[in-house]
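Peer 1: I would like the atomic coordinates for the input below:
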Amino acid sequence: MTEMPPCDIMRCETLARRLLPRMRAEMVYRLVNERGISQSEASKRLGISRAAVSQYMSRKRGFSRQDFPGELNHIIERWVSAVVSGEGTITICDICRSADRAKKL
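Peer 2: Model prediction:
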């Protein structure tokens with residue numbers, strides 16, 4: 001197993017700007033279309049406005065409907081499951097590590 005590089009705030013900032021909006025849009029899409037959660041309920045569970053959920057769903061915000069590499073797809077699914085169940089969390093470090101393993105940053 002390869003050793004993970006140390007945390008780098010500049011890399012995390014780049015990740016947050018480039019990858020998180022697409023991942024969040026994908027997560028909202030899965031919550032509403034695959035898990036059957038209403039947009040209103042999704043906004044409550046995520047702590048974002050109903051308008052933000054609507055923008056994600058109408059592809060006005062962060063949406064790309066692209067296939068994510070295995071590691072990132074897995075972390076998005078964990079994120080969805082955590083929101084649905086109300087248990088567990090996903091951190092920026094989890095996402096960063098998954099992106100490193102996917103070699104897609």
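
Peer 1: Tell me where the longest helix sits in this protein.
Peer 2: Counting residues, the longest helix in the chain under DSSP state H turns out to be helix 70-85.

Peer 1: in that helix, what counts as buried?
Peer 2: By neighbour count on 16 or more other CB atoms under 10 Å, the buried set for helix 70-85 is 71, 72, 75, 76, 78, 79, 80, 83. For every residue, glycine as well, the C-beta is placed using N, CA and C.

Peer 1: repeat for stretch 48-67
Peer 2: Buried-residue list, stretch 48-67, by 16+ other CB under 10 Å: 52, 53, 55, 56, 57, 61, 62, 63.

Peer 1: okay, and for this protein, where does confidence drop off?
Peer 2: Within the chain, the segments meeting pLDDT under 70 span 1-5, 63-66, 103-105.

Peer 1: now the helices: where do they sit in it?
Peer 2: Ranges of helices in the chain, per DSSP H, are 9-18, 20-29, 39-46, 50-57, 70-85, 92-102.

Peer 1: Can you lay out the buried residues of helix 70-85 as TSV showing distance to residue 11?
Peer 2: Output for the buried residues of helix 70-85, formatted as TSV (distance: CB to CB, whole Å):
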residue	distance to residue 11
71	16
72	15
75	16
76	20
78	21
79	20
80	25
83	26
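
Peer 1: Can you pick out the most distant pair from these?
Peer 2: Greatest spatial distance in the buried residues of helix 70-85: 71 and 83, 19.2 Å, computed using CB to CB.

Peer 1: Roughly how far does the nearest residue to residue 54 once chain neighbours are set aside sit from residue 28?
Peer 2: Nearest in space to residue 54, with sequence neighbours left out and distances taken as CB to CB, 6 or more residues apart in numbering, is residue 39 at 6.2 Å. Distance, residue 39 to residue 28, using CB to CB, to the nearest Å: 8 Å.

Peer 1: between the two, who's got more neighbours?
Peer 2: residue 28 (27 against 17; other CB atoms under 10 Å).

Peer 1: closest to residue 44 among the buried residues of stretch 48-67?
Peer 2: Closest approach to residue 44 among the buried residues of stretch 48-67 (CB to CB): residue 53, at 9.6 Å.

Peer 1: Nice, that's everything, thank you.
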